[in-house]
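Chemist: Got a predicted model here, sequence first, then my questions.
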Amino acid sequence: MSIDDRNKPSGPLVRRLIRISRSGALATVDTETDGMPYASFVLMSCTMDGSPLLLLSNLARHSRNIAADSRVSLLIGKLGLEALSQTRATLIGRLESSDDDSEKARFLRHHAGARSQMAFADFLLYRMRLESAHFIAGFGRIETLHASDILLAEPDSTSLAAAETDILEHMNTDHANSVQDYATVFADRHGLDWTMTGIDPEGIDLARNDAESRVDFGNLVPDPASARAELVRLAQVART
């Protein structure tokens, strides 16, 4: 957690952690050991409101567990030697399968390598119905939060979700220089070939080869028109 985040409410911090996370440790109720916890590594993305999205194979042990008991927890955060001092959260809720095309497209933009897997009938996209989260942001800041504190309830982003693919194609094809400026100026990420891989009411996701970053908006962006205005504003600021 940065110095600037210390006084921010915990709910938005957890939501941003969900937005920037691309993997996590999924714990399910194991059917093969009479209900013992079973943990596995999974890839993830999220919806416009911050609900986690997971792509799982029906042949996997965790999927068999979910079929019997949909209760899960998902640990996200920065893992490594200094993980205990890093911001992290355990998300608690239930998984249900999703047939939403915009959610599938959103997951694939964040995990292009999973395209062949999603084409197989035995791979399903799951959306997590978040119920609560246990949030740890360093020594002295440990909280349990309700889902309503974390998920973005307003504004309604239905139209933005429907237009996301078109917005990203337009920006990456016609305004590649602006996307490059977003990465360099606002995310301090240098190098060429940055692309936009996602947009939501709070910001944009960027990727370059195996690197990723995020740029937050100054204000909430609920629809395509306001998204265009904000992207133009950011481009103008970056150039000046």
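Modeler: On my side now, so go ahead. Residues are numbered from 1 along each chain as shown.

Chemist: which of the residues in stretch 166-180 are buried?
Modeler: Using 16 or more other C-beta atoms under 10 Å as the burial criterion, the residues of stretch 166-180 that qualify are 167, 168, 171, 175, 178, 179, 180. For every residue, glycine as well, the C-beta is placed using N, CA and C.

Chemist: Surely the last one touches residue 196?
Modeler: No: the pair residue 180 / residue 196 is not scored as a contact, 10.5 Å apart, by C-beta atoms under 8 Å.

Chemist: Please, where are all the helices along this protein?
Modeler: Along the chain, the segments classed as helices by DSSP state H run 10-20, 61-68, 101-110, 115-118, 147-150, 158-174, 176-181, 224-239.

Chemist: tell me the average confidence for the first one?
Modeler: In this case it means helix 10-20. The average pLDDT within helix 10-20 is 95.

Chemist: And that helix, what's buried?
Modeler: By neighbour count on 16+ other C-beta under 10 Å, the buried set for helix 10-20 is 10, 11, 13, 14, 15, 16, 17, 18, 19.

Chemist: Reformat the buried residues of stretch 166-180 as a markdown table; add distance to residue 160 and pLDDT.
Modeler: Formatted as a markdown table, these follow (distance: C-beta to C-beta, whole Å; pLDDT from 0 to 100):
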| residue | distance to residue 160 | pLDDT |
| --- | --- | --- |
| 167 | 8 | 97 |
| 168 | 12 | 97 |
| 171 | 14 | 97 |
| 175 | 18 | 96 |
| 178 | 19 | 96 |
| 179 | 18 | 96 |
| 180 | 23 | 95 |
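
Chemist: Farthest pair within these?
Modeler: Farthest-apart pair in the buried residues of stretch 166-180 is 167 and 180; separation 16.8 Å (C-beta to C-beta).

Chemist: who's in contact with residue 97?
Modeler: Residue 97 makes contacts with 124, 125, 126, 127, as judged by C-beta atoms under 8 Å, 6 or more residues apart in numbering.

Chemist: Residue 29 against residue 68, yeah?
Modeler: Yes: between residue 29 and residue 68 there is a contact under C-beta under 8 Å: 7.3 Å.

Chemist: Between these two, tell me which one has more neighbours.
Modeler: For residue 29 versus residue 68, neighbours defined as other C-beta atoms under 10 Å are more numerous around residue 29 (18 against 11).

Chemist: tell me which residues form a beta bridge with the more buried one?
Modeler: On the basis of DSSP bridges, residue 29 is bridged to residue 37.

Chemist: Domain-wise, how is the chain divided?
Modeler: According to automatic domain parsing, the chain is divided into the following domains: 3-150, 158-239.

Chemist: need the least confident one among the ones you listed, by mean pLDDT.
Modeler: Among the domains of the chain, domain 3-150 carries the lowest mean pLDDT, at a mean of 90.

Chemist: Done for today, thanks.
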